[in-house]
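Q: Structure of the sequence below:
(one chain, ligands or ions: 1)
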Amino acid sequence: MKFIRKKSFFIGNKLKPLLSSSSLESRYNLWQIFIALLFEYLIPLLSAEKYPTHHLNVERLMRATFRHFTYLAKTTPIYLIDQLTNYKIKDRIALLTYISKKKWEYRKMGEIYRASTDLAFQGIIRNHTSTNGCKGLPAQFVSYTNILTTTCPQCPNSICSAHHLIRKHQLNIDTRRDYQTGIKKKRTTTRLRKEKKTGSSRDDVIESMAQVCTSNLIKVKTLLDKLRNPIKMNKI
Ligand SMILES: [Zn+2]
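A: The predicted structure follows:
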């Protein structure tokens with residue numbers, strides 16, 4: 001674990017110029033290539049580990065490396081990071097343990113195990129994999145998410161979540177669910193456009209989502225400035 005922490009933070013620092021100018025989707029892809037792979041080495045050890053503390057420590061480290069790669073704030077809710085990473089230790093343990101067992105059983109019989117023809121494995125894959133949560137998300141989404149995890153300047157002990165801003169300050173902004181619906185809609189329209197062989201679907205989705213994030217970000221920033229300096233803003 002110490003090695004993974006050191007290595008992932010070292011890679012993250014080296015890739016800083018690239019990461020800071022990339023979309024959240026690209027940052028996620030780089031994290032998958034360089035970091036998620038390191039966690040795979042822990043899976044055999046974890047599958048034999050009975051104490052939940054070790055599992056929790058690995059999950060905590062994984063979230064820390066993801067935040068380091070994507071520039072998400074430390075205050076980002078755990079559920080959101082888990083949705084975005086799309087990497088669940090329990091799912092990886094279930095998949096890799098099943099494959100290893102099958103390979104060993106087949107090897108004892110002198111045969112080769114092929115996962116593509118195993119219907120039971122296809123069922124396990126369906127139950128233990130989730131969709132890529134970062135698909136179509138621009139870098140601006142990180143700034144937007146980070147501002148929504150800050151504390152409200154007016155309400156004590158309250159976080160400026162989209163729900164809080166709508167309920168307490170009547171500021172209508174997009175929630176994470178709205179983004180997912182927006183991305184799905186954009187993907188459908190760009191897929192249709194791609195079939196007619198015009199436009200680039202991936203870049204189109206990220207570009208339009210960047211515009212949506214920026215407009216929401218401006219709305220939140222203006223409100224927070226207003227809440228921090230009510231007299232100054234009224235004079236203006
Ligand atoms: Zn408030």
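
Q: Thr97 - how many residues pack around it?
A: For Thr97, the count of nearby residues is 15 (other CB atoms under 10 Å). Placement of C-beta: from N, CA and C, glycine included.

Q: who's in contact with the nearest residue to it once chain neighbours are set aside?
A: Nearest residue to Thr97 in three dimensions, chain neighbours excluded: Ser47, at 5.1 Å (CB to CB, 6 or more residues apart in numbering). Applying CB atoms under 8 Å, 6 or more residues apart in numbering, one finds that Ser47 lies in contact with 93, 96-97.

Q: Which of those sits closest to the ion?
A: Ile93 (41.3 Å; CB to the ion).

Q: wouldn't the closest one be in contact with Ala48 here?
A: No. In terms of CB atoms under 8 Å, Ile93 does not count as a neighbour of Ala48; the distance is 9.8 Å.

Q: For the two, indicate the residue with more neighbours.
A: Between Ile93 and Ala48, counting by other CB under 10 Å, Ile93 is the more crowded of the two (19 against 8).

Q: A strand includes that one, no?
A: No. Counting by DSSP: H, G, I helix; E, B strand; the rest coil, Ile93 is not part of a strand but helix.

Q: And the pLDDT for it?
A: pLDDT recorded at Ile93 is 83.

Q: Give me the domain ranges for the protein.
A: Per automatic domain parsing, the structural domains of the chain span 2-128, 140-235.

Q: just so I know, which of the ones you listed lies nearest Cys134?
A: The closest of the domains of the chain to Cys134 is domain 2-128. By CB to CB, the value is 3.7 Å.

Q: Quick one: the helices in this structure, in order.
A: Taking DSSP state H as the criterion, the chain carries its helices at 2-14, 16-20, 24-31, 37-40, 43-47, 52-70, 78-85, 89-108, 119-128, 140-147, 162-169, 176-195, 201-228, 230-235.
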